[in-house]
Structure formats: structure tokens, C-alpha cells
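My questions are about this predicted structure, shown below with the sequence.
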Amino acid sequence: MSAKTASNLVDDRVAAALANAPIDSRPESDEERRKVAEARASLARGDRTYSQDEIEAMLEEWRVLGRPPTREERDALLERRAKMVDEPAR
């Protein structure tokens with residue numbers, strides 16, 4: 001068996017192990033089930049969700065302000081970020 005074939009075999013075994021691995025080896029707790037149900041209900045209602053970038057921006061704003069931003073400050077921050085994304089770079 002060539003080194004390349006052996007490497008592919010190992011890669012295939014690792015890929016298969018990862019593909020067949022459970023998402024989490026621990027049983028889901030009652031609290032986790034409740035939180036998942038809350039999150040799904042929130043999405044079903046159309047509640048606002050935040051991207052990782054938006055969360056990081058809010059945390060940075062919190063760090064700069066030394067406190068959590070108010071709802072108005074948060075909304076203004078998200079509007080500024082949305083404009084930055086929508087406007088093409090010059």
C-alpha cells in the first residue's frame with residue numbers, strides 16, 4: 001500500500017468517524033430542551049436575531065462605554081454597521 005493510499009484511508013476513516021459522531025455525547029437536560037423551545041418560539045414569532053459580527057460590535061460598544069449600551073445606542077450602532085455593509089468601498 002502506498003503512502004498516498006494509506007493517507008486517504010486514514011482520512012476516510014476520520015471523515016466517517018466525524019460524520020457518524022453524535023452532536024453531543026451528553027443527554028439533553030430539561031433546561032436545554034426548554035431553552036431550545038424558547039429559541040424556536042422566538043424565531044417563529046419573528047423576533048430579532050443578531051449575527052456574530054453584530055454581537056461583537058455590541059460587546060465592543062459595551063467595553064468602550066463601560067456599561068451596556070441603551071436600546072437607542074444599540075439600534076444606532078446596528079444602523080451604522082448596516083450602512084457600512086450596504087455602502088460600497090471607495
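That came through, no problem.

tell me the contacts of the most centrally placed residue in the chain?
Taking C-alpha atoms, centre = their mean, the centroid of the chain lies closest to Gln52, which sits 5.6 Å from it. Gln52 sits next to no residue when contact means C-beta atoms under 8 Å, 6 or more residues apart in numbering. Where you see a C-beta, it was placed from the backbone N, CA and C, and this is true even at glycine.

What part of this structure, helix or strand, is modelled with the least confidence?
Here the helix or strand of the chain ranked lowest by mean pLDDT, DSSP states H and E is helix 3-20, holding a mean of 72.

which element follows that helix toward the C-terminus?
Along the chain past helix 3-20, the next helix or strand (assigned with DSSP states H and E) turns out to be helix 30-45.

for whatever helix or strand comes next after that next one, which positions count as buried?
The first helix or strand that comes after helix 30-45 along the chain, using DSSP H and E, is helix 52-65. In terms of neighbour count (16 or more other C-beta atoms under 10 Å), helix 52-65 has its buried residues at 54, 57-58, 61.

How far off centre is helix 52-65?
Relative to the chain's own centre, helix 52-65 is displaced by 15 Å; criterion: C-alpha atoms, centre = their mean, to the nearest Å.

Likewise for stretch 37-55?
Stretch 37-55 sits 11 Å away from the centroid of its parent chain (C-alpha atoms, centre = their mean).

what does stretch 28-39 give?
Taking C-alpha atoms, centre = their mean, one finds stretch 28-39 lying 17 Å from the centre of the chain it belongs to.

Equivalent analysis for stretch 26-36, please.
18 Å.

Just the C-alphas of it, formatted as PDB.
C-alpha atoms of stretch 26-36 as PDB (Å, rounded to 0.1, in the frame of the first residue of the first chain):
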ATOM      1  CA  ARG A  26     -24.400  14.100  26.900                       C
ATOM      2  CA  PRO A  27     -28.200  13.600  27.100                       C
ATOM      3  CA  GLU A  28     -30.100  16.900  26.700                       C
ATOM      4  CA  SER A  29     -31.200  18.300  30.000                       C
ATOM      5  CA  ASP A  30     -34.700  19.700  30.800                       C
ATOM      6  CA  GLU A  31     -33.300  23.200  30.900                       C
ATOM      7  CA  GLU A  32     -31.600  22.700  27.400                       C
ATOM      8  CA  ARG A  33     -34.900  21.500  26.000                       C
ATOM      9  CA  ARG A  34     -36.700  24.500  27.500                       C
ATOM     10  CA  LYS A  35     -34.200  26.900  26.100                       C
ATOM     11  CA  VAL A  36     -34.300  25.300  22.600                       C
END
